[in-house]
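Enquirer: okay, here's the prediction I keep looking at, along with the sequence it came from:
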Amino acid sequence: MKNPSSKHLHKSITMKPFLTPLFLSLFLHIITVHVAGDTSPIYTPVEDITLQCGFSGDQLNPDDTRTWTGDINSKFSPFENQAAGSPSISRQAPSSSSVPYSTARLSRSEFTYRFLVATGQKFIRLYFNPASYGPDFDRSKALFSVKAGGFTLLKDFNSSVTADASESDIIYREFCLNVESEQSLNITFMPSRATADAYAFINGIEIVSMPNNLYYTSAQNSDGVNYIGSENTFRIENGTALEMVYRFNVGGRPLVFNQDTGMYRNWDGEQEEHKYLDDLSLKFSVLPQNSSIELNFTEIAKYSAPEELYRTGRSMGMNKTINKSYNLTWEFPVVPKFLYLLRLHFCEFVPDVTKYGDRRFLIFIANQTAEKAWDIIARSRGKGRPIYKDYVVFMPAGPASQKKVSLFLALQANPKDNMTNFNDAILNGLEIFKLSDTNRNLAGPNPDPPLLITPRVIAPPQSRKFKKRMQTKVWHASLGSMPPLLLKKFNNITTQS
């Protein structure tokens, strides 16, 4: 997920040429599996702070059914940098009436919000509506940095260019960080010094606590996370901050905030967001669904992802010949020179895949082998049991002028594996996070603004004599370096004509 308002393309994928009896059985058989009941509750966050900036009072957000509190004359009122002069102001947004994008706090000076929270790991979500808030706050002048808990989340962030590049009117960014023992979290907005009249603004701030070690490495986990391209493992410690860059319900519909497991995460619908799939994957892959098998959360916590995520997926199809000729591939633009955490969600629910070895496949991340024989049933120890697997990979820089590089995720039906019953691969969900660097920084460059297409101007018809005179002027303008003898001959020719 890049943005909650990203545009989706509604397409359907069919496999009519490959409707074999075995293929049909994957989708038409109704199998009921009786499993032990799971009584673990949906996660209830310790903190659930929703702040509408530039607003007075409380306002219900019908989309997530929560009440958002205004920062005017409340305990959440920001601290101003008095030495800088002018205080922040509140304004009504001209282009949105939805919470929290309908109002904003703006300032040409630094301002800070302080939140009293319990120690532990938190989601921080920032909401931006890059509009012009009157003639004194033009959208092109919104250029600022954001720091939280000692981390730089955004640096010289150009909100209008970012919104235009993503073809969206609104922006939101989600981060994860750990609050240490002081039990307070400061979020500071600082206008850039690089541009005259630059200002900072914010429409909404959300802070939601997360289960301990949901994305961080547990102290009890001695193995850590698979580090792609290295024999060592990697630990995501509390001194690291994360930025969510992509989150997909693979093969399924979008799952919005109140359809999550209590943490208000937003899952894009990969079934609709096809722009990250390569052409062959889009052409041949299929979308199996589980409508009958009860899920058994014995390997992971039930709050890890919504149940619906594990009831849909994208697989290669049932034609072994075709499956061995292509990889199921996604390509994600990411900022280079950062480490990235990839969490792959799996659940085996296809009726004919019942035992170890029925479906084994390879996983490649950033063109490197992550798994040589991934077997979901073997790893989850049964059918209908959701699991996920984490990987960390470093993305090196590309050409000097390249702001983004491509992070490839590919699943391959092993063409040399004759023991598996299905030369196929499947994925149910995907999350990708950027990890802070050694300077406690998460910020990347602003995107390039979208190319402006200049309308073609059709000149009025010109006389033959006028054209000839203009051509002669152009020719003479370029003859300054011509040898004198050749120049004399050219002048004689043009004079005679």
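Expert: Structure's in. What do you need?

Enquirer: isn't Leu277 up against Asn327?
Expert: No: assessed by C-beta atoms under 8 Å, Leu277 is found out of contact with Asn327, at 11.2 Å. Placement of C-beta: from N, CA and C, glycine included.

Enquirer: bridged to the nearest residue to Pro100 once chain neighbours are set aside, which residues?
Expert: Using C-beta to C-beta, 6 or more residues apart in numbering and skipping residues adjacent in sequence, the residue nearest Pro100 is Gly204, 2.8 Å away. Beta-bridge pairing for Gly204 (DSSP bridges): Gln52, Tyr127.

Enquirer: the one 5 residues further on too?
Expert: The residues paired with Ser209 through beta bridges, assigned by DSSP bridges, are Lys122.

Enquirer: make residue 1 into 690 and carry on from there
Expert: Fine by me, first position is 690 from now on; the one you just mentioned is Ser898.

Enquirer: surely it touches Gly809?
Expert: Yes: taking C-beta under 8 Å as the definition, Ser898 is a contact partner of Gly809 at 5.9 Å.

Enquirer: quick one: low-confidence residue ranges for this protein.
Expert: Scanning the chain with the threshold set as pLDDT under 70 gives 690-730, 771-774, 1141-1186.

Enquirer: repeat the analysis, applying 80 as the threshold.
Expert: Low-confidence segments of the chain, defined by pLDDT under 80, span residues 690-730, 770-775, 870-871, 911, 960-962, 1090, 1104-1109, 1140-1186.

Enquirer: and Ile1076, what does it touch?
Expert: 988-989, 1034-1036, 1065, 1068-1069 (C-beta atoms under 8 Å, 6 or more residues apart in numbering).

Enquirer: now with 10 Å, please.
Expert: Shown in contact with Ile1076 (C-beta atoms under 10 Å, 6 or more residues apart in numbering): 986-989, 993, 999, 1033-1037, 1065, 1068-1070, 1117.

Enquirer: the spatially closest residue to Arg862 that is not a sequence neighbour - how many residues pack around it?
Expert: Using C-beta to C-beta, 6+ apart and skipping the chain neighbours, the partner closest in space to Arg862 is Leu815 (4.9 Å). For Leu815, the number of neighbouring residues by other C-beta atoms under 10 Å comes to 22.

Enquirer: equivalent analysis for the one 10 residues further on, please.
Expert: Applying the criterion other C-beta under 10 Å, we find 13 residues in the vicinity of Asp825.

Enquirer: cool, Lys1078 as well?
Expert: Neighbour count for Lys1078, taken as other C-beta under 10 Å: 17.

Enquirer: distance check, it against Asp1064.
Expert: Applying C-beta to C-beta, to the nearest Å, one obtains 12 Å for the distance of Lys1078 from Asp1064.

Enquirer: what residues are shared contacts of the two?
Expert: Contacts common to Lys1078 and Asp1064, judged by C-beta under 10 Å, 6+ apart, are Phe1035.

Enquirer: looks like the residue nearest to Pro789 contacts Leu815 (just checking).
Expert: Yes: with contacts counted by C-beta atoms under 10 Å, Gly893 reaches Leu815, the gap being 7.5 Å.

Enquirer: overlap in contacts, these two.
Expert: The contact lists of Gly893 and Leu815 share 742, 861, where a contact means C-beta under 10 Å, 6+ apart.

Enquirer: got the contact list for Ser775?
Expert: Contacts of Ser775 (C-beta under 10 Å, 6+ apart): 769, 796-798, 888.

Enquirer: same thing but 6 Å
Expert: Under the criterion of C-beta atoms under 6 Å, 6 or more residues apart in numbering, the contact partners of Ser775 comprise Ser798.

Enquirer: list the contacts for the nearest residue to Lys1072 once chain neighbours are set aside?
Expert: Leaving aside its chain neighbours, Lys1072 sits nearest to Glu1037 (5.5 Å; criterion: C-beta to C-beta, 6+ apart). Shown in contact with Glu1037 (C-beta under 6 Å, 6+ apart): 1065-1066, 1072.

Enquirer: ok, 7 Å please
Expert: Counting by C-beta atoms under 7 Å, 6 or more residues apart in numbering, Glu1037 touches 1065-1066, 1069, 1072.

Enquirer: same thing with Tyr1015?
Expert: The contact partners of Tyr1015, taken as C-beta under 7 Å, 6+ apart, are 969, 973.

Enquirer: pairing partners for the helix or strand harbouring Phe890, with directions?
Expert: Using DSSP states H and E, Phe890 maps to strand 889-891. As defined by DSSP bridges, the strand partners of strand 889-891 come to strand 792-796 (antiparallel).
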